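Q: with the sequence up front, the predicted model follows.
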Amino acid sequence: MKNYLVLAPKYLSGHKNRTRLTIFSVIMAVALVVGVFSMLDALVKFEKAQVLKSEGNYHILIRNPNKTEIDTIKSRIDVENSGTLKDLGEGKIDDEVCALGFMDENFAGNLNIVLVEGNAPINDHEIMLEKWYLDQLALNRGDTINITLSNGITNDYVISGVIDDWGATKAASIPFVFVSPGTSEGLTAVTSQYFVLFKEGVNIQNAEKEIAAILNIPEDRIGYNEGLLALMLQTKNNRVLTFYLIGAVLFGLVLVTGIVMIYNTFNISVMDRVRQFGLLRCIGASKKQIRRMVRRESLIISLLAIPLGVLAGMLITFVCSGILKIYNPHLFGDISIFNFSAIGIGAGVLTGFLTVFIASMLPAQKAAKVSPVNAVSGSAEIKISIRQKRGFLTRVFPVEIAMGVNSAMNKKRTLILMTSSIAISIILFLGFSVLVNPAFMGMKTDKPYTEDLTLTSDQAMSPELLKKLSQLEGTEILGNPTEHVIDLQLRDKNDEQTVSEVGGMIDETITLHDKRQMNAEANNAFMTMAVFIYGFVAVIAVISMLNMINTMNTSVMSRANIWQCCGPWGCQTNSLIKWF
Amino acid sequence: MNILSTIDLCKTYGKADTKVIALNKVSISVSKGEFVSVIGPSGSGKSTLLNMVGALDQPTSGTVRIDGRDIHTMKEEELSVFRRRNIGFIFQSFNLIPELNVEENIVLPILLDYQQPDKHYINELLGILGLTERKHHLPSQLSGGQQQRVAIGRALATKPALILADEPTGNLDSKNSQDVMNLLKLSVDQYNQTVMMITHNHSYASFADRVFEVKDGMVRELGEDRR
């Protein structure tokens, strides 16, 4: 033994059960926070990847910009990259309709126009085409193709580059033809959009306002990549902010529960050792040294518990991502299972140290306040002033209830602790289900008026059809059907016969959309979220329960001697129970 | 040379009608290398005197000087340092740290002073106390007598100016009590320690060089008239 602080680990290993309980609660708190934040982080990353894929990597766009606007914005210091996408109308390849367009080469990648072969058209006789179309026509790079442009001029063009398929154009079977800058100048653009990507750390809302003000661009000419901006927390009023808010609320809850729980354990451990601290003061320990000893204990607990908590949290994240992926392949099919979230781990480590530090502060103070007289007198109570005698209580209530009230009142701190523990549990149950309710977040889709089948048509649907549909058994027409859209709800979701009957009633001008699969998936997503959130509430509830048991236990233990006195006086078990 | 002196030491508890005078103008002095004992019935103020002398409690009035310093004018932090260097305590209920073994319990006061223990001296102490074989045992593995010997070792470890013993034989049988008394006497003779011991037992009180009797807060030296 080289230092008096060795006493801290010796005490901890001497009281294994208590140490384990404390470590366990810290691990739970850390694991929860790591889990919550890692999941949030993973979800945000995943959403961001989805947005970049579907919307493109840009922040704002200017519709139909002029040259001055483009030049001004391009030369701004806070602009990372920018480029123009022009829709140059329809052209024809061998009498087949094709879409003509132009994209600035440097920004093409940001809009998921990925060059797989060759290079972008530079000369006026060069063009760029989609892979699927070239495959369809069995053409290769370097081949020539005859195209009629939107201004009616027909010419032979050399395929200079091949780009990856665009889902939208492929599905519509209309190939997209990218022309050279020179050719695009000669054509009138139907629409043109100027995309802007700002540098990292730029306040996009301010920058956008500034641009609009300087160039006098009306609001309706400015578009936003809402999804991406939301994920960057650069907009107000969106779902991601709600996500982060939930994260913050959970973080706070875990922190509070953790602190109360760990505070309790520390408090008990200090109260048990009043005499020992008195002794230490007698043999020359200063208040500072006593405080340091208690804090050293908390440090050891943190160091043991935090790594385990982080590991547990990562495991939770792993399992959660797995569950999401398996049960919700439609929504979360592309989510990565192994996540290493610096934010999550950081938040977890922070929680660990913070809870333990805050929770041990007061008990350490209390331990330091123990008078050395405690060692001599052998009393295990920190001397507290005896307040006014509550004599009237015994007159108003039966004696055992009065004693219960009395003992609760006498130990003011215990009372506060116990009440706050119970209060926290109640707040958790009530507040949580309102605050973090998936339905409240607008995730639940299964409203009573969700349609299962939708009939749409470009041409007017006849009133007879509507009549026939309304007479059909097993379905119901929702809302106000129009000539173009009729929504139907099935009484039995698995009623295939009715679906085929509806199918039989319509001709080829009407399309039948079966939405049951999609609704089921949305409900599935809701269920997954609900399971997570209520699972979390359950864990928090377990922590608070443990906490309450712990508190009651201490309170009982500390008064066991009083009851021993009561026994011979004829105190019955049921009167003891009333004591509470 | 006086190692301990009290001048007009008073201690009262409570106020007005509930006022209790625990010590009333106590003036005593103890020289270096003396073994004094304090006797008196329960509630006479013995423990209060010990608390005052050990700087565990503040007197209502009067001063206590140890090694020439007025201990009740010191600040809390300063007092802690003073206590760890100059006062050794021995309690009736041994008060060892249950998680530390014999040797660790003995060197703890030295470690609290951020010093490294003198191995030679500690081994010598363990030899005198007859605990060499048991130095790695925990207090729970020792008999009462052995535990009290560890406590004596702990009090002697820092070579304090004054050792205060509060009924050190109170929880021991006569054989072990005899051992403890012999050790206290030995520490006075061999290390020139000053010991102040509270006891109920008049026969152990007579081990001391001088005996004080406390009665209703007043302290009187027995046999003083004979001197």
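A: That came in fine, so what should we check first? Remember, predicted model here, so these are calculated numbers, not experimental data. Numbers count the residues shown, from 1 in each chain, chains lettered A, B, ... in the order given.
Q: helix or strand: which one has the residue of chain A found nearest chain B?
A: Proximity of chain A to chain B (CB to the nearest CB) peaks at A:Gly284, 2.0 Å away. Backbone N, C-alpha and C define where each C-beta goes, glycine included. Using DSSP states H and E, A:Gly284 sits in no helix or strand.
Q: what's the answer for the one 10 residues further on, then?
A: Secondary structure from DSSP H and E places A:Val294 in helix A:287-327.
Q: give me the mean pLDDT for that helix.
A: Across helix A:287-327, pLDDT averages out at 87.
Q: which strands and helices sit next to that helix?
A: For helix A:287-327, the elements it packs on are helix A:7-14, helix A:16-54, helix A:239-272, helix A:274-282, helix A:329-332, helix A:342-369, helix A:516-558, helix B:76-86, judged by 3 or more CB pairs under 8 Å, 6 or more residues apart in numbering or on different chains; DSSP states H and E.
Q: contact partners for the residue of chain A closest to chain B?
A: For A:Gly284, the contact set (CB atoms under 8 Å, 6 or more residues apart in numbering or on different chains) comprises B:Ser80, B:Val81, B:Arg83, B:Arg84, B:Arg85, B:Ile87, B:Pro109, B:Leu112, B:Asp113, B:Thr158.
Q: over to B:Asn192?
A: B:Lys32, B:Gly33.
Q: what of B:Asn123?
A: The neighbours of B:Asn123, taking CB under 8 Å, 6+ apart as the test, are B:Thr132.
Q: I'd like to know how far it sits from chain A.
A: 15 Å (CB to the nearest CB, to the nearest Å).
Q: now name the helix or strand holding that residue.
A: Short version, using DSSP H and E: B:Asn123 is in helix B:119-129.
Q: buried set for that helix?
A: Buried residues in helix B:119-129, counting neighbours by 16 or more other CB atoms under 10 Å in any protein chain shown, are found at B:Ile122, B:Leu125, B:Leu126, B:Ile128, B:Leu129.
Q: count of neighbours near the spatially closest residue to the third one that is not a sequence neighbour?
A: The spatially closest residue to B:Leu126, leaving aside those adjacent along the chain, is B:Thr132, at 4.7 Å (CB to CB, 6 or more residues apart in numbering or on different chains). B:Thr132 sits with 14 neighbouring residues when counted by other CB atoms under 10 Å in any protein chain shown.
Q: A:Leu512: neighbour count?
A: 15.
Q: roughly how far apart are it and B:Leu56?
A: Distance of A:Leu512 to B:Leu56, computed by CB to CB, to the nearest Å: 91 Å.
Q: same question, B:Gly223
A: Distance from B:Gly223 to B:Leu56, by CB to CB: 29 Å.
Q: okay, which residue is most central for chain B?
A: Note on chain B: the residue nearest the mean C-alpha position is B:Leu164, at 0.9 Å, using CA atoms, centre = their mean.
Q: Three-state assignment for it, please.
A: Three-state call for B:Leu164 (DSSP: H, G, I helix; E, B strand; the rest coil): strand.
Q: hmm, B:Leu184 and it touching each other?
A: No - assessed by CB atoms under 8 Å, B:Leu164 is found out of contact with B:Leu184, at 11.3 Å.
Q: enumerate every residue touching A:Thr456.
A: Neighbouring residues of A:Thr456 by CB under 8 Å, 6+ apart: A:His484, A:Val485, A:Ile510, A:Thr511, A:His513.
Q: if we use 10 Å, what do you get?
A: If you count contacts by CB atoms under 10 Å, 6 or more residues apart in numbering or on different chains, A:Thr456 has them with A:Thr482, A:His484, A:Val485, A:Ile486, A:Asp487, A:Ile510, A:Thr511, A:Leu512, A:His513.
Q: and it, that's in a strand?
A: Yes - counting by three-state DSSP, A:Thr456 is located in a strand.
Q: quick check: closest non-adjacent residue to residue 212.
A: No chain in the question, so chain A it is. A:Ile222 (6.3 Å).
Q: wrong chain, I was asking about chain B
A: The nearest residue in space to B:Phe212 (CB to CB, 6+ apart) is B:Val38, at 4.8 Å.
Q: does anything pack onto the helix or strand hosting that neighbour? Which helices or strands?
A: Using DSSP H and E, the element containing B:Val38 is strand B:35-39. Packed against strand B:35-39 by the contact rule (3 or more CB pairs under 10 Å, 6 or more residues apart in numbering or on different chains; DSSP states H and E) you find helix B:46-53, strand B:162-166, helix B:174-191, strand B:195-198, helix B:202-205, strand B:210-215, strand B:218-222.
Q: measure stretch A:108-117 end to end?
A: With CA to CA, to the nearest Å applied, stretch A:108-117 spans 14 Å between its terminal residues.
Q: mind listing what's buried along that stretch?
A: So for stretch A:108-117, counting by 16+ other CB under 10 Å, buried means A:Ala108, A:Asn110, A:Leu111, A:Asn112, A:Ile113, A:Leu115, A:Glu117.
Q: same check, this time on stretch A:487-507
A: A:Asp487, A:Leu488, A:Gln489, A:Leu490, A:Thr498, A:Val499, A:Glu501, A:Val502, A:Ile506.
Q: the closest residue to chain A within chain B: neighbour count?
A: Among all residues of chain B, B:Arg84 sits closest to chain A, at 2.0 Å; criterion: CB to the nearest CB. Number of residues near B:Arg84 (other CB under 10 Å) recorded here: 27.
Q: low-scoring stretches of the stretch 351-500 of chain A, by residue?
A: Residues of the stretch 351-500 of chain A meeting the criterion pLDDT under 70: A:376-415, A:417-418, A:420-422, A:424-449.
Q: now the strands for it?
A: Using DSSP state E, counting those that start in this stretch, the strands assigned to the stretch 351-500 of chain A run over residues A:453-457, A:475-478, A:485-490.
Q: who does the first one pair up with?
A: Within its sheet, and counting by DSSP bridges, strand A:453-457 is paired with strand A:485-490 (antiparallel), strand A:510-514 (antiparallel).
Q: and that strand, how far from the chain's centre?
A: 35 Å (CA atoms, centre = their mean, to the nearest Å).
Q: dump stretch A:204-211 to PDB, keeping only the CA atoms.
A: Extracted C-alpha coordinates of stretch A:204-211, given in PDB (Å, rounded to 0.1, in the frame of the first residue of the first chain):
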ATOM      1  CA  ILE A 204     -27.400  27.900 -45.500                       C
ATOM      2  CA  GLN A 205     -30.500  29.800 -44.500                       C
ATOM      3  CA  ASN A 206     -28.500  33.000 -44.100                       C
ATOM      4  CA  ALA A 207     -26.500  32.500 -47.300                       C
ATOM      5  CA  GLU A 208     -29.700  31.800 -49.300                       C
ATOM      6  CA  LYS A 209     -31.400  35.000 -47.900                       C
ATOM      7  CA  GLU A 210     -28.300  37.000 -48.800                       C
ATOM      8  CA  ILE A 211     -28.200  35.600 -52.400                       C
END
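Q: how about it: buried residues?
A: Buried residues in stretch A:204-211, defined by neighbour count with 16+ other CB under 10 Å: A:Ile204, A:Ala207, A:Glu208, A:Ile211.
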